[in-house]
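Asker: Any chance you could fold what I've pasted below:
(chains A, B, C and D)
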2 protein chains.
Amino acid sequence: MSLEKDADGGGPRPAPGRVEDVRRGNLVRVLAAIARARTDPQRYPTRADLASLTGLTKASVSSLVAELADSGLVMESGATRDGERGRPGVGLELSTRRGVVGMEINVDYISAGVLDLGGTLRTHRTLECGNRGQPPGSVMARLAGLVSEVAAEASLAGIEILGGGLAVPGLVDTASGTVASAPNLHWQGVALELDALLPAAPLGTVLHNEANCAALGELWYGHGLDFRDYLFVSGEVGVGGGLVIGSRLFSGPHGQAGEVGHVVVEPSGPACSCSGRGCLETFAGQEAIFSAAGIPPGTASARLSHLAERLDAGDAAATAAIERAGHYLGIAAASTARLMNLSAVVLGGHFTRMGPWIAPAVVRSLADYAPGVVSPARVAVSELGQSAALLGAAGSALRSVLASPYSLTPAR
Amino acid sequence: MSLEKDADGGGPRPAPGRVEDVRRGNLVRVLAAIARARTDPQRYPTRADLASLTGLTKASVSSLVAELADSGLVMESGATRDGERGRPGVGLELSTRRGVVGMEINVDYISAGVLDLGGTLRTHRTLECGNRGQPPGSVMARLAGLVSEVAAEASLAGIEILGGGLAVPGLVDTASGTVASAPNLHWQGVALELDALLPAAPLGTVLHNEANCAALGELWYGHGLDFRDYLFVSGEVGVGGGLVIGSRLFSGPHGQAGEVGHVVVEPSGPACSCSGRGCLETFAGQEAIFSAAGIPPGTASARLSHLAERLDAGDAAATAAIERAGHYLGIAAASTARLMNLSAVVLGGHFTRMGPWIAPAVVRSLADYAPGVVSPARVAVSELGQSAALLGAAGSALRSVLASPYSLTPAR
DNA sequence: CGAATTAGTTTTCAATCTGAACTATATGCG
DNA sequence: CGCATATAGTTCAGATTGAAAACTAATTCG
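Answerer: Just a heads-up that it's a prediction; the model follows:
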């Protein structure tokens, strides 16, 4: 018998606890408090505010803030005079002179944008281009060009880039920066040259799954403000997903959780590209919906518009196709909600466009298969659409800056 | 826009980082290293071993070990002479004079056992009794009696009880010690008097879900040694489950994840007690299997034996019932594995007994619905059977002792 | 028996937080 | 205007802690 295994948590042992680690932790705490305070009491926090928010003493906060200011992550934003008696405090905020880059490669376009540490999108460019079947090297080269454009713009605005995130629609290995398989791009086992994208950024570029990024974008910029726990379903060529639990993305043991597209929703259903059967994707993927609705071939966005027109016109085949997709989406969501104790569902990607028609079908199906688990008010349609993944990738990089400020602090 | 939300991790802010917290963390590290070392190099570690295992200096380890020894959690176990040159080190182990209590209330029995910190089950008693429909107070009183018996035995062996865990088959709220609903016991919204069970234990008693505990028992005493990520399916009256990810139980945002019994496996399936439709439980729950197999009513264990006999005899109805249950179990497992990126399945509870017949059906179904995700070698049958939940509850208490040794350390 | 080797302890030092005293800058009232 | 009061922020002594190095202890090898 061995109860001993893993009494500590399992992963690689954390660095031994030295006295200096306390400071690292406190730098993160102060930074997090600054980040949070702006939304909460709608005012830049002073050092005194931070002391009470973090539980640290004013002395410690002063010293920590000085270090963060030296490293350029935090800046003072003038005295905050609020009419109170006493010496006015100095407001602090995350520096708008440091930023991160969000990037996305998708089937029909590439895009890049710069977010400053305060969370404002300062620049953003999208380039429409067909990437399906293109060699990864040439797509990456085109993306590098786009990135250097937005980076140059940012530089003019005085923003120094610290790191970035890249979203790709496929199974990725974040640690090695490898795309294991991206069927819709026809890529397989490709190690991307991520360092070439942001050669000067100290934190480099991190590769992420597109659906996961969209779920994160939704978390930070969309319905994440309302829901803490939800299933995000992203309709693209396939059906991707992301699980947000306790306001964090659950990415599974190998970073590939959330494949809601391959939940089995109909045991006797048709064969799926994954070589399984009856997967959600065979009912709610783009091709499944378009062909069931009788939409003729064309570009994805054209077909989507076409579908919307027919739905508006009350076309029977289109309505039935959406109804069926919603029905099975509801089944997959019901299973997921039961399994993971989730209470909300957010529909993104192409489902955003179909929202008005598909959401009611999902609600009905949920009421049938998991009554009382997800209330109708907690079935939401994303408003971010195409930019969700970009925002998620950028936000992810931003988070990693905030989580490891010491790696940017100049030697003292 | 607010990227700021939750830059720190979301939950309640950890205690402010003082210098003393480093020591707390290091006490845990040393304790964890002692716990782990016994299984790994099969020898009690010395202070020097711990220094190299934790990355701390010998000086620090000496001081930390002294504190742990003072608090009674760790003890020296004589010089370890291994024939090597140099001064022999002193072996250290988790004290066998401190222990925790595992408890279980189930439909047909209650049980309690004492585990010492080393992970050895020192005492164990089960009392067969029908608890369905009994008032919680009287069941708890009977359990308290059983606990005091095992505690007295432990006391005679010189073991001091530090805390305990109680497993109950139903939805529980661990924080408040409330059973939200335990349909098979006919309990609903019951606040259990947990403190009465172990009045003298400094850490008290913590309430857990039975299926989750069984999954944990499996993790620490069973197949958890082979698998780090798996779905544990526990067949009882209903079908419960537990998700183990990275050698940790995933309990979801409100501690109620793992309800694999209510994954939808057949959209046109029969109504379920949860008021949904086509849930796994309607095909793989006890009643479903027994009635499909044509097993006449009786006690659960009698019917289980009866079923085993018929299966041995090659009875067609029994075989078909098991085949069907395995088929749908495989579908639910396929969906779960895809969704959460899991690669193994462990069958427990009454499925243990049916293992030889049902496991092959699960394997076939997995191969159909999620080829390549869960290899046949990673579909396992639990060997712990009925004691899994008790061991999981005890192990959980043991873990919480190891995770917060400072709460037991005498003031210095 | 002495050299070599490994275990564990003692000592000194640097990092860091706390708490209290102190300085700085505002408001409010006579 | 001037002074009491209040709040913000800084400085400095004190306590806790782990690292590094020197030191003591116990064993094996020749």
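Asker: ok, now which ones touch the residue in the stretch 101-250 of chain A that DNA strand C sits nearest to?
Answerer: When distances are taken as Cβ to the nearest atom of the strand, the stretch 101-250 of chain A reaches nearest to DNA strand C at residue A:202, 19.9 Å away. For the C-beta atoms, the positions are set from N, CA and C on the backbone; glycine is no exception. Remark: with contacts taken as Cβ atoms under 8 Å, 6 or more residues apart in numbering or on different chains, residue A:202 is in contact with A:162-163, A:407-408.
Asker: Name the helix or strand for it, please.
Answerer: Assignment of secondary structure by DSSP states H and E places residue A:202 within no helix or strand.
Asker: Let me see the confidence value for it.
Answerer: Here, the pLDDT recorded for residue A:202 equals 93.
Asker: correct me, but residue A:113 touches residue A:146?
Answerer: No. With contacts defined as Cβ atoms under 8 Å, residue A:113 does not count as touching residue A:146, sitting 9.8 Å away.
Asker: quick one, which of these two is more surrounded?
Answerer: Between residue A:113 and residue A:146, counted using other Cβ atoms under 10 Å in any protein chain shown, residue A:113 has the larger neighbour count: 26 against 19.
Asker: And that one, how close does it get to residue A:228?
Answerer: Distance of residue A:113 to residue A:228, given as Cβ to Cβ, to the nearest Å: 26 Å.
Asker: Just say helix, strand or coil for the residue of the stretch 101-250 of chain A found nearest DNA strand D.
Answerer: Per Cβ to the nearest atom of the strand, residue A:118 is where the stretch 101-250 of chain A lies closest to DNA strand D, at 18.7 Å. Following DSSP: H, G, I helix; E, B strand; the rest coil, the label given to residue A:118 is coil.
Asker: OK, contacts around it?
Answerer: The neighbourhood of residue A:118, defined by Cβ under 8 Å, 6+ apart, consists of A:38, A:93-96.
Asker: How confident was the prediction at it?
Answerer: In this model, residue A:118 carries a pLDDT of 93.
Asker: One more: the one 10 residues further on?
Answerer: Reading off the confidence values, residue A:128 has pLDDT 90.
Asker: Need the nearest residue in space to it, chain neighbours excluded.
Answerer: Of all residues beyond its chain neighbours, the one nearest residue A:128 is residue A:109 (4.9 Å), with distances taken as Cβ to Cβ, 6 or more residues apart in numbering or on different chains.
Asker: now do residue A:151
Answerer: When the adjacent residues along the chain are set aside, residue A:151 lies closest to residue A:161, with 5.8 Å between them (Cβ to Cβ, 6+ apart).
Asker: pretty sure the one you found is in a strand, no?
Answerer: Yes. The assignment for residue A:161 by three-state DSSP puts it in a strand.
Asker: Could I get the full set of strands for the stretch 301-412 of chain A?
Answerer: Secondary structure of the stretch 301-412 of chain A, counting by DSSP state E, counting those that start in this stretch: strands at A:345-349, A:379-381.
Asker: what about the first one, distance to the chain center?
Answerer: In terms of Cα atoms, centre = their mean, to the nearest Å, the gap separating the centre of strand A:345-349 from the centre of its chain is 12 Å.
Asker: One more: stretch A:354-365?
Answerer: Between the centre of stretch A:354-365 and the centre of its host chain there is 23 Å, according to Cα atoms, centre = their mean.
Asker: now the angle from the lengthiest helix in chain A to strand A:345-349?
Answerer: For chain A, the helix that runs over the most residues, judged by DSSP state H, is helix A:316-340. For helix A:316-340 and strand A:345-349, the angle between their directions (axes from the mean of the first three to the mean of the last three Cα atoms, to 10 degrees) works out to 130 degrees.
Asker: Give the buried residues for helix A:316-340.
Answerer: Residues of helix A:316-340 classed as buried by neighbour count (16 or more other Cβ atoms under 10 Å in any protein chain shown): A:318-319, A:321-340.
Asker: separation between residue A:101 and residue A:304?
Answerer: Here residue A:101 is placed at a distance of 28 Å from residue A:304 (Cβ to Cβ).
Asker: Looking at the two, which is more packed in?
Answerer: Counting neighbours by other Cβ under 10 Å for residue A:101 and for residue A:304 shows that residue A:101 has the greater number, 27 against 20.
Asker: Give the burial count for the nearest residue to the more buried one once chain neighbours are set aside, as a bare number.
Answerer: Leaving aside its chain neighbours, residue A:101 sits nearest to residue A:164 (3.6 Å; criterion: Cβ to Cβ, 6+ apart). Residues within reach of residue A:164, counting by other Cβ under 10 Å, total 29.
Asker: returning to that earlier point: of the buried residues of helix A:316-340, list those near chain B.
Answerer: The subset of those within reach of chain B, counting by Cβ under 8 Å from any Cβ of the partner chain, consists of A:327-328, A:331-332, A:334-336, A:338-340.
Asker: ok, which pair from the residues you listed is furthest apart?
Answerer: When Cβ to Cβ is used, the two most widely separated members of these are A:327 and A:340, lying 20.9 Å apart.
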